[in-house]
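Engineer: sequence and predicted model, in that order:
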Amino acid sequence: MARSDFIYTDFLIVGGGAAGCMAAVRARELEPEIDVVILEKAEISRSGAAGRGMDALNNVVVPGIATVADYVEAVEIVADGVFEPTISRVIGERSFGILQRLEAWGLHFPRNDRGNYIVNQFHPKGRFLVEMRGELKKILAAQAIGCGARIFNRHPVLELVKQDERIAGAIALNLDCGELKTFVAPAVLLAAGGAARIGLPSTGYLHGTFDCPWCNGEAHKLGYEAGASLTGFEYTASSSMTRDFNGPGLSTFIRHGAWLINGLGERFMERYDAERLERAPSGIRMQAMREEINAGRGPVAFSFSHLPVKTIQLIEDGIFEAERPTMRDYFQRKGIDLKQQPVEVVASEVYLCGGHGLAGLVGDGWGETGVPGLFAAGDCLANPYGFLPGAMAMGEATAERIVDRSPARPAFGDAAPRLARLRASVEGHRRGALGVAVRDFEYKFRRLVNEYVAPPKSARKLQRFLDETEAMTREQDDLPAADAHGLMKVFEAKAGLFCARMAARASLFRTESRFGLYHERVDYPLQDDQNWKTRVLISRGPDGPILTRENP
Amino acid sequence: MNLCIDSDCCTGCGACVEHCPGHVLSMGSENRPCEKYPDDCWYCGVCAIECPAECITVIFPYLIR
């Protein structure tokens, strides 16, 4: 295999979302000579979880309103004490600089009557949420393109390449021609998002998820297989989402003072967390919703009728203009007027996400995973409730580390044998001996997630999931793929199943209940701080995953 | 189908195909976009926003309507 078969770069970014774009900009800002490549699965101007837009930055330490210590304390509360504070501190320290950078790039941050940023409370404690308007992702993409990074759109990554113990690049699929392309680099940033398609939404529509459905745990699987550790997979999050549409709006509704009411019109959070009410940690909020519905007091809804018209207009402006214009169409179709009626919400499907939860690759304050040359940022990194500012802050931090180290370009490592294996795997999918459509395969394991992994959990159910899906881990190699798009879908399904099984293993391992609904074990109903106020780590062993407590 | 594309006003520019984050759309016959992979639609509305002729309406997947 000749060197000309490969594309060489200094810094390879897997995923052109908020984290990836910011990493590219920061790297080129610090070192104009550094060559940066972004491999983007879609088209960079609209890709990633923030591709359509966002109406706020959820976690900014605005001087005079909060401190970094306040922010770290707030994260500790939502993480139920199970977090490593370094990353949260880094995010807190960088967050206001991120806001200023975005404002300089043209994002609009509305001001209140006194000329200050509009900062509201969403966390159980402290105000960190800053109202924002504008085409966030288009601006980020323009900056990434403008800084001179080389963008390869429609290139999902299927494999990482290593040289001895170092990371040495990645192999991507060109969706336009179906060919595999190898990129060689001394530093690789995984920034390919969370894992959205784990549980099955109540609608049964596979892509009707709360989180971005095109990010399905590929980064987690790639990182784990390269030797990085995972954490937080027992934090099987779900959110209270607009029935059927399944998002967005949760933080918008809560920060502007909407109430959660039951079918009797009662503000039921008073029964479950009288002090924090709707701003209770999300696992507690979801537990309360479940209790109300199971007691026959549903349906559950967000109510706005007590709010001033001006506030409701701000909510509508946020979700209909900045975040998701189709939500306006949906509300119109359903005859919903926020000024007149409550909006029914249901529990979303289970998902795994660093930015909206605790699950992700383990990294330090620079996003380093422990595998030399391999970094992570954004929703695939365990950056507890880091949200969008967390993604951009860690993208920045990663770039600074890489530029500082300026590692030499590697040889092409084990690219040749990996490429050969991958080609054989692709050929297997083209033959598709299983004869089962990937959508049926995906539907099956996600239905099993709903039945056995979603809370309430028990050892019996979790083990049942692992047993039931064991055969699927072998069958998946024979899933059919008629074209490049189909091949991408197969790899997404494989990553989703991988993440679901890791969620089952981590949930089985943590023999206590914690995080409200998210890790409610009926066979271990009590929280056990003495033994379990620590992260569960999953690393790759010679015979399969090894689970440990970080601080036993 | 999840989208309604007004063929009378579509110019065939391909902006919707290019920007769709889920590769749902593809250029079909007579240089007009079509939903090649409708099951992958997140009804995010990027196609409608990016259409310079404003000829796309999201009508939502049947299961969520």
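Structural biologist: Cool, the structure landed. Numbering: from 1, shown residues only, chains lettered A, B, ... in the order given.
Engineer: what does chain B put close to chain A?
Structural biologist: Within chain B, the residues that sit near chain A (Cβ under 8 Å from any Cβ of the partner chain) are B:18-23, B:36-37, B:39-46, B:48-50, B:57-58, B:60-61, B:63-65. All C-beta atoms are positioned from the backbone trio N, CA, C, and that covers glycine.
Engineer: mind running it again at 10 Å?
Structural biologist: B:2, B:17-24, B:26, B:36-50, B:57-65 (Cβ under 10 Å from any Cβ of the partner chain).
Engineer: show me where pLDDT drops low in the stretch 1-150 of chain A?
Structural biologist: A:1-4 (pLDDT under 70).
Engineer: from it, which residue is nearest to chain B?
Structural biologist: In the stretch 1-150 of chain A, the residue that lies nearest chain B is residue A:42 (4.2 Å; Cβ to the nearest Cβ).
Engineer: contacts only, for that residue.
Structural biologist: Taking Cβ atoms under 10 Å, 6 or more residues apart in numbering or on different chains, we find residue A:42 in contact with A:15-17, A:48, A:51, A:153-156, A:175, A:214, B:18-23, B:46.
Engineer: from those, which land in strands?
Structural biologist: Per DSSP state E, strands hold no members of the contacts of residue A:42.
Engineer: just to revisit the earlier point, quick check: ChimeraX command selecting the buried ones in the residues of chain B next to chain A.
Structural biologist: Those of the residues of chain B next to chain A that count as buried under 16 or more other Cβ atoms under 10 Å in any protein chain shown are selected in ChimeraX with:
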select /B:2,17,18,19,20,21,22,23,24,36,37,40,41,42,43,44,45,46,47,48,49,50,58,60,61,64
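Engineer: if you count neighbours, what's buried in stretch A:88-105?
Structural biologist: Buried, per 16+ other Cβ under 10 Å, within stretch A:88-105: A:88-96, A:98-99, A:101-102.
Engineer: roughly how far is it from the heart of the chain?
Structural biologist: In terms of Cα atoms, centre = their mean, to the nearest Å, the centre of stretch A:88-105 is found 19 Å from the chain centre.
Engineer: ok, back up a step: and the residue of the stretch 1-150 of chain A closest to chain B, helix, strand or coil?
Structural biologist: In three-state terms, and counting by DSSP: H, G, I helix; E, B strand; the rest coil, residue A:42 is coil.
Engineer: please report phi then psi for it.
Structural biologist: Here is the backbone geometry of residue A:42 (degrees, to the nearest 10): phi -110, psi -130.
Engineer: again, but for residue A:304
Structural biologist: The phi/psi pair for residue A:304 (degrees, to the nearest 10) is phi -120, psi 0.
Engineer: from memory it sits against residue A:258, does it?
Structural biologist: Yes. Contact between residue A:304 and residue A:258 holds when scored by Cβ atoms under 10 Å: they sit 5.4 Å apart.
Engineer: any common contacting residues for these two?
Structural biologist: Common neighbours of residue A:304 and residue A:258 (Cβ under 10 Å, 6+ apart) are A:311, A:312, A:315, A:338, A:342, A:343.
Engineer: partners of the lowest-mean-pLDDT helix or strand in chain B in the sheet?
Structural biologist: Lowest on mean pLDDT, DSSP states H and E among the helices and strands of chain B sits strand B:3-5, with a mean of 92. Note on strand B:3-5: by DSSP bridges, its sheet partners are strand B:56-58 (antiparallel).
Engineer: does chain B sit close to stretch A:238-250?
Structural biologist: Yes. Applying Cβ under 10 Å from any Cβ, one finds stretch A:238-250 in contact with chain B at A:243, A:244, A:245, A:246, A:247.
Engineer: what segments of chain B are strands?
Structural biologist: B:3-5, B:25-27, B:33-35, B:56-58.
Engineer: so which of the ones you listed is nearest residue A:507?
Structural biologist: Closest to residue A:507 of the strands of chain B is strand B:56-58 (Cβ to Cβ; 36.4 Å).
Engineer: any chance you could list what contacts that closest one?
Structural biologist: When contacts are defined by Cβ under 10 Å, 6+ apart, strand B:56-58 is touched by residues A:325-326, A:329-330, B:2-6, B:9-10, B:15-16, B:25, B:33, B:41, B:43-51.
Engineer: now with 8 Å?
Structural biologist: A:326, A:329, B:2, B:3, B:4, B:5, B:6, B:16, B:43, B:45, B:47, B:48 (Cβ atoms under 8 Å, 6 or more residues apart in numbering or on different chains).
Engineer: same thing with stretch A:283-292?
Structural biologist: A:80, A:237-240, A:260, A:262, A:268-269, A:271-273, A:278, A:280, A:298, A:300, A:345, A:347, A:515-520.
Engineer: could you list the buried residues of it?
Structural biologist: A:283, A:284, A:285, A:286, A:287, A:288, A:289, A:290, A:292.
Engineer: which one of these sits closest to chain B?
Structural biologist: residue A:289 (19.9 Å).
Engineer: give me the three-state assignment for that closest one.
Structural biologist: Classification of residue A:289 using three-state DSSP returns helix.
Engineer: make sure residue A:301 is indeed in a strand.
Structural biologist: Yes. Assessed by three-state DSSP, residue A:301 belongs to a strand.
Engineer: where does chain B have low pLDDT?
Structural biologist: Counting by pLDDT under 70, chain B contains no low-confidence segment.
Engineer: any idea which residue of it is furthest from its center?
Structural biologist: In chain B, the residue that sits farthest from the middle, by Cα atoms, centre = their mean, is residue B:63; the gap is 18.1 Å.
Engineer: once you drop chain neighbours, what's closest to that one?
Structural biologist: residue A:205 (4.0 Å; Cβ to Cβ, 6 or more residues apart in numbering or on different chains).
Engineer: distance of that neighbour from residue B:42?
Structural biologist: Residue A:205 sits 10 Å away from residue B:42, going by Cβ to Cβ, to the nearest Å.
Engineer: tell me the first helix or strand C-terminal of the longest helix along chain A.
Structural biologist: Assignment by DSSP state H gives helix A:484-509 as the longest helix of chain A. The helix or strand immediately downstream of helix A:484-509 is helix A:529-532, counting by DSSP states H and E.
Engineer: in what helix or strand does residue A:471 lie?
Structural biologist: Going by DSSP H and E, residue A:471 is part of helix A:459-475.
Engineer: name the helices or strands packed onto that helix?
Structural biologist: Secondary-structure packing of helix A:459-475 (3 or more Cβ pairs under 8 Å, 6 or more residues apart in numbering or on different chains; DSSP states H and E): helix A:438-448, helix A:484-509.
Engineer: quick check: beta-bridge partners of residue A:159?
Structural biologist: residue A:171.
Engineer: circling back: mind checking how far the residue of the stretch 1-150 of chain A closest to chain B is from residue A:20?
Structural biologist: Distance from residue A:42 to residue A:20, by Cβ to Cβ: 12 Å.
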